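Student: okay, sequence plus prediction incoming.
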Amino acid sequence: MVEKRKPMPVDQAIAKVMEFRKAGGTEVVSIDRCDGRRLAEPLYTTNPVPSFNKSPYDGFALRSCDTEQASRNNPVEFEIVEHVGAGHVPEKKLEEYQATRIMTGAQIPDGADCVAMFEICSEIKRNGKDFISLKRTMESGQNVVKKASEIGEGKELVRKGSLINPGVKALLATFGYQTVHVMKKPIVGIFATGSELLDVDAELEPGKIRNSNAYMIMSQIKRAGGDPHYFGKLDDELESSFQAIAESIDKVDFLITTGGVSVGDFDLMPAIYEKLHATVLFNKVAMRPGSVTTVTALQDKLLFGLSGNPSACYVGFELFVRPILQTFLMNDTPLLKRSKAILTDDFPKPNPFTRFVRGILSIEDGQVRVSPAGIDKSNVVTSLAFTNGLMVLPGGTRGYNKGAIVDVLWLDQMEGQTTF
Ligand SMILES: Nc1nc2c(c(=O)[nH]1)N[C@H]1C(S)=C(S)[C@@H](COP(=O)(O)OP(=O)(O)OC[C@H]3O[C@@H](n4cnc5c(N)ncnc54)[C@H](O)[C@@H]3O)O[C@H]1N2
Ligand code: MOO
Ligand SMILES: [Mg+2]
């Protein structure tokens, strides 16, 4: 008789995995190599921005008080006493009816409190001297970007755990961080199991298939911010598989296997977990696909036994592995982003268990839409190429009609949420 497994509800299974949440280590990388990493410490401002009063326009810096009488019928003249471009510091302090020709980004000279743009000034040459005339009044502070008006020094600007995007990178450079403390990528080991598996470069043989899951999982690990270590594929042979898996555990932060977790005669993972004395957190989840997903713990290390069926393997990774990798990286919203979406097609299948349909999410006319990505079968691989989200259909529901509002999980969105 086949062993009877008790299915655990998905949310409980995720919670069991998340009991093992912990932040990983940190490392220092150069600013050139920090893209897509997460900050291990908050980003503090090391200087005010701007760090000097500057001009936002090309024009003339002057004293606004000298323009009080200026009008269309009463132009006021200023003598140009200096010429500064960005990067040059003005030397002259402006006196009455003097102006400095100033370019965008240049420091405002002492004495000046406003900048008149070129467009409102007429330039005059007289006796070898340069003047401008101005026909309107200016206010104090007009067209001056004040020192520290954007942000002051010593402020926490970006929280630790934040993803380094191009904007964060601009800040790292702004504040002189040539090196950055980032979270270490979790090292995630992978074994593909199954005597039917061929390498990618092999010709197909009768009864055999190419090992696609290992490559898919490596890619999922990278998308989740981890560092995949592929240990190869294992034949369905207990002793050699056990040895290979046992030896790999110390080399990784997390271990993933694909295949061999069900009840078949050559499904060896249950026996391997027993031989390892690993504690089974669950070996059946009330969901489709991926019902056979098994997670065990060896001390504080998690071993993920994902299904061999490609779609089940994919879903198992996103639901159970990705969130814990996110906590290792200090993402404080580690669980998949969830929203509502309008179903674009009929989905007539009943759902005895929670079903995660591989879907294509889009936003049209301000509304989120989801359509099934292809054949909805656990053993299907082709629909995965188009999948950017998972439709969540609760267990105990019947089919859904086009136009129904359903929950969806976003896979391309790295900032998720705190609960499932
Ligand atoms: N009597 C029962 N049979 C099955 C049950 C069950 O409850 N009772 N569960 C079914 C479900 S659901 C799934 S899902 C699969 C899970 O099987 P395993 O996780 O044990 O995986 P395998 O048996 O090793 O392989 C299943 C399938 O996937 C293919 N595969 C495996 N590895 C890869 C790979 N690296 N790349 C691509 N494809 C792979 C493999 O060739 C098989 O076709 O069990 C059902 N059976
Ligand atoms: O684990 Mo199986 O994929 O439920 O479909
Ligand atoms: Mg099997």
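Tutor: Cool, got the structure. Ligands and ions are numbered 1, 2, ... in the order given.

Student: name the element the nearest residue to M216 once chain neighbours are set aside belongs to?
Tutor: If the residues on either side of it in the chain are set aside, M216 comes closest to Y314, at 6.3 Å by Cβ to Cβ, 6 or more residues apart in numbering. C-betas here are computed from N, CA, C, even on glycine. Secondary-structure assignment from DSSP states H and E places Y314 in helix 310-316.

Student: OK, contacts around the residue nearest to M216?
Tutor: Listed by Cβ atoms under 8 Å, 6 or more residues apart in numbering, the contact partners of Y314 are M216, Q220, R358, L384, T387.

Student: P186 now?
Tutor: Shown here is P186, whose contacts under the criterion Cβ under 8 Å, 6+ apart are G24, G225, G226, D227, D253, F254, L325, F328, L329.

Student: could you double-check that the second one lies in contact with V188?
Tutor: I take that to be G225. No - the pair G225 and V188 fails to qualify as a contact (Cβ atoms under 8 Å) at a distance of 10.2 Å.

Student: these two: who's more crowded?
Tutor: Between G225 and V188, V188 has the larger neighbour count (other Cβ atoms under 10 Å), namely 26 against 20.

Student: show me which residues of the stretch 251-400 of the chain are close to ligand 3?
Tutor: Counting by Cβ under 5 Å from the ion, the positions of the stretch 251-400 of the chain adjacent to ligand 3 are S262, G264, D267.

Student: name the residue of the chain that lies nearest to ligand 1.
Tutor: G308 (2.5 Å; Cβ to the nearest ligand atom).

Student: secondary structure element for that residue?
Tutor: Applying DSSP H and E, one finds G308 in no helix or strand.

Student: number of nearby residues for it?
Tutor: Residues near G308, counting by other Cβ under 10 Å, number 25.

Student: quick one: the closest residue to it other than its chain neighbours and M103, what's the gap?
Tutor: Spatial nearest neighbour of G308, excluding adjacent residues (Cβ to Cβ, 6+ apart): G259 at 3.1 Å. When Cβ to Cβ, to the nearest Å is the yardstick, G259 and M103 sit 66 Å from each other.

Student: so these two - more neighbours on which side?
Tutor: For the pair G259 and M103, the greater number of neighbours falls to G259 (29 against 15), based on other Cβ under 10 Å.

Student: what's the pLDDT at that one?
Tutor: As summarised for this prediction, G259 has a pLDDT of 98.

Student: the helix holding Y314 and ligand 1 in contact?
Tutor: Yes - figure legend: helix 310-316 in contact with ligand 1 (Cβ under 6 Å from any ligand atom); contacting residues P310, A312.

Student: how far does that helix sit from its chain's centre?
Tutor: Here helix 310-316 shows a centroid-to-chain-centroid distance of 22 Å under the convention Cα atoms, centre = their mean, to the nearest Å.

Student: can I get the CA coordinates of it in CSV?
Tutor: Only the C-alpha atoms of helix 310-316 are listed here, as CSV (Å, rounded to 0.1, in the frame of the first residue of the first chain):
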residue,chain,number,x,y,z
PRO,A,310,8.0,21.2,-15.0
SER,A,311,4.9,23.4,-14.2
ALA,A,312,4.6,21.9,-10.7
CYS,A,313,8.4,22.5,-10.2
TYR,A,314,8.1,26.1,-11.4
VAL,A,315,5.1,26.9,-9.1
GLY,A,316,6.7,25.2,-6.1
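
Student: what's the average pLDDT for it?
Tutor: Per-region confidence: helix 310-316 scores 98 on mean pLDDT.

Student: next structured bit after it?
Tutor: The next secondary structure element downstream of helix 310-316 (using DSSP H and E) turns out to be helix 322-328.

Student: buried stuff in the following helix or strand past that next one?
Tutor: Along the chain past helix 322-328, the next helix or strand (assigned with DSSP H and E) turns out to be strand 337-343. Neighbour counts over strand 337-343 (16 or more other Cβ atoms under 10 Å) mark K337, R338, A341, I342, L343 as buried.

Student: next: stretch 308-327.
Tutor: For stretch 308-327, using 16+ other Cβ under 10 Å, the buried residues are 308-327.

Student: what distance do you get for the closest residue to ligand 2 within the stretch 1-150 of the chain to S240?
Tutor: Nearest to ligand 2, among the residues of the stretch 1-150 of the chain, is P7, at 9.9 Å (Cβ to the nearest ligand atom). Here the criterion is Cβ to Cβ. By it, P7 lies 31 Å from S240.

Student: have a look at the two and say which one is more surrounded.
Tutor: A count of neighbours by other Cβ under 10 Å puts P7 above the other of P7 and S240, at 15 against 11.

Student: and the more buried one, its phi and psi?
Tutor: Recorded main-chain torsions at P7 are phi -70, psi 140, according to degrees, to the nearest 10.

Student: contacting residues around it?
Tutor: Counting by Cβ under 8 Å, 6+ apart, the residues that P7 touches are K284, V285, A286, S291, F353.

Student: let's see 10 Å
Tutor: Contact partners of P7, counting by Cβ atoms under 10 Å, 6 or more residues apart in numbering, are A13, F282, N283, K284, V285, A286, M287, S291, F353, G395.

Student: with P270 instead?
Tutor: E3, R5, G260, V261, S262, V263, V280, N283, T294, T296, G305.

Student: can you list the residues of the stretch 51-200 of the chain near ligand 1?
Tutor: Taking Cβ under 6 Å from any ligand atom as the measure of proximity, the stretch 51-200 of the chain contacts ligand 1 at A192, G194, E196, L197.

Student: quick one: name the residues of the stretch 151-300 of the chain near ligand 2.
Tutor: R288, P289, G290, S291, V292.

Student: what is the nearest of these to G154?
Tutor: Top of the list for closeness to G154, among those and by Cβ to Cβ, is G290 at 48.4 Å.

Student: I figured the closest one hits S307, correct?
Tutor: Yes - using Cβ atoms under 10 Å, G290 is in contact with S307, at 5.6 Å.

Student: quickly list what's touching both of the two.
Tutor: V261, C313, Y314, V315, G316, F317, S378.

Student: distance-wise, check the third one relative to L411.
Tutor: In this structure, Y314 and L411 are 9 Å apart, going by Cβ to Cβ.
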